[in-house]
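[1] Have a look at this prediction, sequence included:
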Amino acid sequence: MAISISEVKLGMNNTTTAISLRTLALLYFRQGKYDKAEILYKWVLVICEKEMGSEHLNAANTLNSLAVLYKNWGKFDKAEPLYE
């Protein structure tokens, strides 16, 4: 519900919305819903890179979270390049 309100009030590509989406992605990750977490992490990464730049801490943290997701999911071929 909070994410829906954020999306309506702030927009789908707002950095505050991205932080909420990253939190939801972490929840999905912890529940083992890796496919849902992957979608959200990728979406958040696009928002962070567009709004803050690829070198911003939020973008780096999201990229790291995506790498950890892939590692835990057993998708090592996708995880490895993200750690470089």
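    Done, it's in. All values derive from a computational prediction rather than experimental measurement.
[2] Spatially nearest residue to the residue nearest in space to the middle of the chain (excluding sequence neighbours)?
    The centre of the chain sits closest to Tyr41, judged by C-alpha atoms, centre = their mean, with a distance of 2.2 Å. Leaving aside its sequence neighbours, Tyr41 sits nearest to Leu66 (C-beta to C-beta, 6 or more residues apart in numbering; 4.4 Å). All C-beta spots, glycine's among them, are computed from the backbone N, C-alpha and C.
[3] okay but the one you found is in contact with Cys48, surely?
    No - Leu66 lies out of contact with Cys48 (C-beta atoms under 8 Å); the separation is 11.3 Å.
[4] my read: Phe76 touches Tyr70, true?
    Yes - with contact defined as C-beta under 8 Å, Phe76 and Tyr70 form a contacting pair (7.2 Å).
[5] So for these two, which residue has more residues nearby?
    For Phe76 versus Tyr70, neighbours defined as other C-beta atoms under 10 Å are more numerous around Tyr70 (21 against 9).
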